[in-house]
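Undergrad: When you get a sec, could you give me coordinates for this:
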Amino acid sequence: MSLQPILDDCGLTITRYEPLHGGDINRAYCLYGNKDKYFLKVIEEGRYPTMFEKEATGLQSLQVNSILKIPSVIKHGIVNNQQYLLLEWIGSGSIKPGFWEGFGAGLAQLHLKKQKFFGWDTNNYIGSLAQNNSIFPSWHLFYSECRILPLVKQLFDQGIFLKQDVVSVEIVCKKSEFLFPDEPPALLHGDLWSGNFKITTEGGAAIFDPAVYYGHREMDIGMTLLFGGFDQRFYDAYHETYPLEKDWKQRLPLTQLYPLLVHALLFGGHYVESARRIMKNYE
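TA: Numbers count the residues shown, from 1 in each chain. Reported below is the predicted structural model:
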């Protein structure tokens, strides 16, 4: 499909473009102008409605509140039944001394900014899954009603989870009020794993592909540790800037339950058993 109608809508003069690989939700391109490069994402309008509008809002919120590098949103829209999101191109560099320390401290500084409620002013997506961000005054209610119980219900309705799994997670949600430390809401990236950050040409950290909401900051920490974890210097710098509460490592399974349920819905396989194991351990 020709990109020209989208390029015309953006008002760009592009000399050439190249498809990029790696994503499984949308098509991605590197656009070359006379002087600048751009990153373009394209997806069918009806496949994931308003996905790029929500992503743009998340990126803009992170950019306002974070010292980390966030790609600037240039434009988003719909042309010929195609959603598009045009972003600043962020070049890749090599790791330099202080990278992990700056990354960890930067995330902590984002989390230090206290927010007024748990949730977000609109629903959005985590990966290709719709994410409910209804507003709640307390973390345990938001965690239960917007993150855990709806996904378990979907897994049960699809015949993946059993009735006992539903009973297990209801127990976990009731206990969550006493398991998480009482902290103010923080703006979260929401999907912070190794595939959603890069080293910039200047040697700093850039983060992208967010699933933002106001939540408990340990959710971001748990996500960073789900698929192998970041360098220990990242966690040391985070803890120095905004110390994590006692026993945070013991709460990691609770924070990782949500992304595991997301993966169980999207991909099945071992993610189902991983989520089930966490739920049973907290019965």
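Undergrad: L59: which element?
TA: helix 51-65 (DSSP states H and E).
Undergrad: and if you look at W100?
TA: Here W100, judged by DSSP H and E, is contained in helix 99-112.
Undergrad: Tell me the buried residues in the helix or strand that that helix is followed by?
TA: Downstream of helix 99-112, the first helix or strand assigned by DSSP H and E is strand 124-126. For strand 124-126, the neighbour count (16 or more other C-beta atoms under 10 Å) marks N124, Y125, I126 as buried. C-betas here are computed from N, CA, C, even on glycine.
Undergrad: moving C-terminal of strand 124-126, what's the next helix or strand?
TA: Taking DSSP H and E, what comes next after strand 124-126 is strand 129-131.
Undergrad: Please state the offset of the next helix-or-strand element following that following strand from the chain centre?
TA: Where DSSP H and E defines the elements, the next helix or strand beyond strand 129-131 is helix 139-142. Distance, stretch centre to chain centre, for helix 139-142: 18 Å (C-alpha atoms, centre = their mean, to the nearest Å).
Undergrad: What of stretch 111-128?
TA: The mean C-alpha position of stretch 111-128 is separated from the chain mean by 10 Å, C-alpha atoms, centre = their mean.
Undergrad: Any buried residues in it, and which?
TA: Neighbour-count burial for stretch 111-128 [16+ other C-beta under 10 Å]: H111, Q115, F118, G119, W120, N124, Y125, I126, G127.
Undergrad: Now do the second one against P150, distance only.
TA: Which is Q115. Per C-beta to C-beta, to the nearest Å, Q115 is found 22 Å from P150.
Undergrad: Check the first one too.
TA: Taking C-beta to C-beta as the measure, H111 falls 25 Å from P150.
Undergrad: between the buried residues of strand 124-126, which is nearest R47?
TA: Using C-beta to C-beta, Y125 is the member of the buried residues of strand 124-126 that sits closest to R47, with 11.1 Å.
Undergrad: State the distance from that closest one to A211.
TA: Where A211 is concerned, Y125 sits at a distance of 6 Å (C-beta to C-beta).
Undergrad: Then G119?
TA: 13 Å.
Undergrad: Same question for T13.
TA: On the measure of C-beta to C-beta, T13 and A211 end up 33 Å apart.
Undergrad: These two: which has the busier surroundings?
TA: Just comparing T13 and A211: by other C-beta atoms under 10 Å the higher neighbour count belongs to A211, 24 against 8.
Undergrad: Secondary structure of that one: a strand, I assume?
TA: No: checked against DSSP: H, G, I helix; E, B strand; the rest coil, A211 lies outside a strand; its state is coil.
Undergrad: Roughly how far does it sit from L244?
TA: On the measure of C-beta to C-beta, A211 and L244 end up 21 Å apart.
Undergrad: rewinding a little: CSV for the buried residues of stretch 111-128, including distance to T200 and pLDDT?
TA: Formatted as CSV, those follow (distance: C-beta to C-beta, whole Å; pLDDT from 0 to 100):
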residue, distance to T200, pLDDT
H111, 21, 98
Q115, 27, 97
F118, 31, 98
G119, 31, 98
W120, 27, 98
N124, 25, 98
Y125, 25, 97
I126, 24, 97
G127, 24, 93
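Undergrad: Which members of the residues you listed are the farthest-apart pair?
TA: Q115 and G127 (23.4 Å).
Undergrad: what's the next secondary structure element after whatever helix or strand H239 lives in?
TA: Using DSSP H and E, H239 falls within helix 232-241. Downstream of helix 232-241, the next assigned helix or strand under DSSP H and E is helix 252-267.
Undergrad: and that following helix, which residues are buried?
TA: For helix 252-267, using 16+ other C-beta under 10 Å, the buried residues are 252-265.
Undergrad: List the residues that contact E240.
TA: A105, A108 (C-beta atoms under 8 Å, 6 or more residues apart in numbering).
Undergrad: That one and A105, how far apart?
TA: Using C-beta to C-beta, E240 is found at 7 Å from A105.
Undergrad: Check Q83 too.
TA: 35 Å.
Undergrad: which of these two has more neighbours?
TA: More crowded of Q83 and A105, by other C-beta under 10 Å: Q83, with 24 against 21.
Undergrad: Could you verify my assumption that the more buried one touches F52?
TA: Yes: with contact defined as C-beta atoms under 8 Å, Q83 reaches F52; the gap is 4.8 Å.
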